[in-house]
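**Student:** whatever this is, show me its structure:
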Amino acid sequence: MEILTEFEPGALGEVVSLHARHYARHWGFGTVFECKVAREMADFAARRAADDLVLLARDEAGIAASLILDAGDPASGPRGAHLRWFIVAGRARGSGLGRRLLARAVARAEAVSGGRAWLTTFAGLAPARHLYEAHGFVLAREEEGAAWGTRVIEQEFRRPADPPA
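**Tutor:** Residues are numbered from 1 along each chain as shown. Next up is the predicted model:
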């Protein structure tokens, strides 16, 4: 498994496809979700800065995982860096890949935002929630919504700043 830290040609489309196929199959998400992922990833890629972190795991079948730490998201404010587009393909689940990518993102958040980071997800993703909590994220907000085109219990997790040493 190779970990890329740059977008290579076609990578954006592969990440969007990975998300769209997974969430359609398991949660019934449709075109609204796919458009949201594509639009927001394109916006990020166009404004990407040095403090941001792109992690793309690639194997012989293509992109097997992605995780982006968007340190400059204009919507972040005091919440810190925005953890986005974190997904591990079924073929790589259970390998520890997601844990390794998240550890790298948390280390970057420590460097660029004092450890503060946040992410949005939805209720029902127990393995992901366990992983987030193991890396210091806590549930900050939960409410029913349809931001992804399907009604779910939307959640925001935040990782507070690390205490001074």
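
**Student:** got the residue ranges for the helices in this protein?
**Tutor:** In the chain, the helices defined using DSSP state H lie at 11-27, 31-47, 97-113, 126-134.

**Student:** packing partners of the shortest one?
**Tutor:** When you say that, I think you mean helix 126-134. Secondary-structure packing of helix 126-134 (3 or more Cβ pairs under 8 Å, 6 or more residues apart in numbering; DSSP states H and E): helix 97-113, strand 117-122, strand 152-159. Glycine gets a C-beta too; all of them are placed from N, C-alpha and C.

**Student:** in that helix, what's buried?
**Tutor:** Going by neighbour count (16 or more other Cβ atoms under 10 Å), the buried part of helix 126-134 is 128, 129, 131, 132.

**Student:** can you verify my assumption that the third one contacts residue 97?
**Tutor:** No - counting by Cβ atoms under 8 Å, residue 131 stays clear of residue 97, with 11.1 Å between them.

**Student:** circling back to that earlier point, reformat the helices of the chain as CSV; add distance to residue 146 and mean pLDDT.
**Tutor:** Formatted as CSV, these follow (distance: least, Cβ to Cβ, whole Å; pLDDT from 0 to 100):
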stretch, distance to residue 146, mean pLDDT
helix 11-27, 12, 94
helix 31-47, 8, 95
helix 97-113, 26, 94
helix 126-134, 20, 91
